[in-house]
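Colleague: quick one: sequence plus predicted model below, questions after.
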Amino acid sequence: MSAKPVTYTRNVFIPVTNMCRNNCAYCGFRRDIGSGEDYLMPPADAKALIAKAAGMGCTEALFTYGDAPQDPRFRERVRAIGYPSLTAYVHDLSLYAISLGVMPHTNAGVLPAEELRDLADLNASMGLMLETTAKRLPAHSLSPLKDPEVRIRFIEEAGRLHMPFTTGILVGIGETWQDRKESLEAIGDIHRKYDHIQEVIVQNFVPKPYIRMANVEPPTPADMVRVIRMARDILPDDVSLQAPPNLTDHLDEFLDAGAEDIGGISPVTQDYINPECAWPSLDALKAKGLRLRERLPVYPKYVKRGWYGKMVKPLIEKYADGEGYRA
Ligand code: SF4
């Protein structure tokens with residue numbers, strides 16, 4: 001087991017809606033509008049989760065959902081809960097989180113530039129998985145916003161706003177080893193240009209019986225070790241590598257290969273994207289020998305520069321010690 005410190009955030013996971021304009025073949029989260037399993041989280045429910053998280057010492061509210069559908073029925077659903085747009089709803093939830101001492105980190109798919117700017121003011125950091133630079137993957141044949149050029153443009157736009165950013169690759173969705181290398185190189189290039197990529201998630205595809213890719217073999221642990229080593233070689237040293245701890249039994253090998261962060265661990269909510277994969281408890285991770293260190297949703301380098309949304313400044317000043325971590 002790695003002796004180096006492993007960082008994490010204490011967060012609450014808020015899947016605002018499971019309706020999405022894309023339809024990725026590996027996704028078990030998305031539901032069709034009108035399917036009966038679709039939802040838009042009611043404001044009272046979302047706020048109750050945030051309040052519970054605040055009471056449990058969480059510093060991060062992870063607002064995660066796919067790309068907002070263009071279907072008029074979706075817009076009507078959003079209007080019915082009192083908001084002109086999904087972004088306006090998340091804006092309101094973000095203000096509520098900040099008022100309770102919890103910093104937003106929004107991963108909302110590809111947003112129009114003005115909506116990105118609006119939410120950037122309220123976020124400690126934001127995220128969007130690049131997933132892969134491979135074009136025309138069968139897994140993305142029904143997902144117009146999984147065009148890698150569209151996603152790279154969005155990540156660059158966040159860089160122009162000096163918004164610390166989490167991105168990553170999804171391993172095992174039909175891409176080749178060359179695609180993996182090129183995806184990591186593309187992220188490295190963006191970071192060298194805008195200097196805002198704080199962490200890169202190296203995430204393994206996990207098959208589920210109810211997805212279109214149910215019978216696709218996932219990457220092996222050895223594949224993941226190889227791709228994490230590749231990421232460490234390709235990415236600049238100041239970009240942290242994150243391995244989700246609930247998607248593997250081989251976390252110790254991934255940490256030894258170069259991962260140093262395990263992302264959000266929530267004492268409040270499950271991983272709604274992979275509900276069958278429970279987050280390990282902090283005690284269980286410590287019992288495995290991990291030297292855990294809690295961090296804020298914005299990395300120390302960006303705390304020092306003042307690169308975060310202006311609305312979270314009082315919280316950063318409250319929580320960050322000299323290194324940007326909680327004391
Ligand atoms: S993976 Fe994300 S973008 Fe793709 S269908 Fe699921 S929610 Fe939408």
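Modeller: In hand now; what should we look at?

Colleague: how about the residues of the stretch 51-200 of the chain by the ligand?
Modeller: 66-67, 143 (CB under 6 Å from any ligand atom). C-beta: built from backbone N, CA, C; applies to glycine.

Colleague: let's see that with 8 Å instead.
Modeller: Within reach of the ligand by CB under 8 Å from any ligand atom, the stretch 51-200 of the chain has these residues: 65-67, 109, 143, 145-146.

Colleague: including pLDDT, neighbour count and secondary structure, could these go into CSV?
Modeller: Shown next, in CSV, are those (pLDDT from 0 to 100; neighbours: other CB atoms under 10 Å; DSSP: H, G, I helix; E, B strand; the rest coil):
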residue, pLDDT, neighbour count, secondary structure
65, 95, 23, coil
66, 94, 25, coil
67, 96, 20, coil
109, 95, 20, coil
143, 96, 20, coil
145, 93, 17, helix
146, 96, 25, helix
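
Colleague: name the nearest of those residues relative to the ligand.
Modeller: For those, the minimum distance to the ligand (CB to the nearest ligand atom) is 2.8 Å, reached by residue 66.

Colleague: grab the nearest non-local neighbour of that closest one.
Modeller: residue 20 (3.0 Å; CB to CB, 6 or more residues apart in numbering).

Colleague: residue contacts, the one you found?
Modeller: By CB atoms under 8 Å, 6 or more residues apart in numbering, the contact set of residue 20 is 27, 29-30, 65-69, 109.

Colleague: repeat that with 10 Å
Modeller: 27, 29-33, 38, 65-69, 74, 109, 143, 145 (CB atoms under 10 Å, 6 or more residues apart in numbering).

Colleague: are we agreed that residue 206 is in a strand?
Modeller: No. Counting by DSSP: H, G, I helix; E, B strand; the rest coil, residue 206 is not found in a strand; it is coil.

Colleague: the residue lying closest to it once chain neighbours are set aside: which element?
Modeller: Leaving aside its chain neighbours, residue 206 sits nearest to residue 247 (5.5 Å; criterion: CB to CB, 6+ apart). Using DSSP states H and E, residue 247 sits within no helix or strand.

Colleague: residue 247: neighbour count?
Modeller: Using other CB atoms under 10 Å, residue 247 has 19 other residues around it.

Colleague: tell me the buried residues in the helix or strand hosting residue 105?
Modeller: Assigning secondary structure by DSSP H and E places residue 105 in strand 103-107. If you call a residue buried by 16 or more other CB atoms under 10 Å, then strand 103-107 has these buried ones: 103-107.

Colleague: hang on, residue 118 packs against residue 88?
Modeller: Yes. Using CB atoms under 10 Å, residue 118 makes contact with residue 88 at a distance of 8.4 Å.
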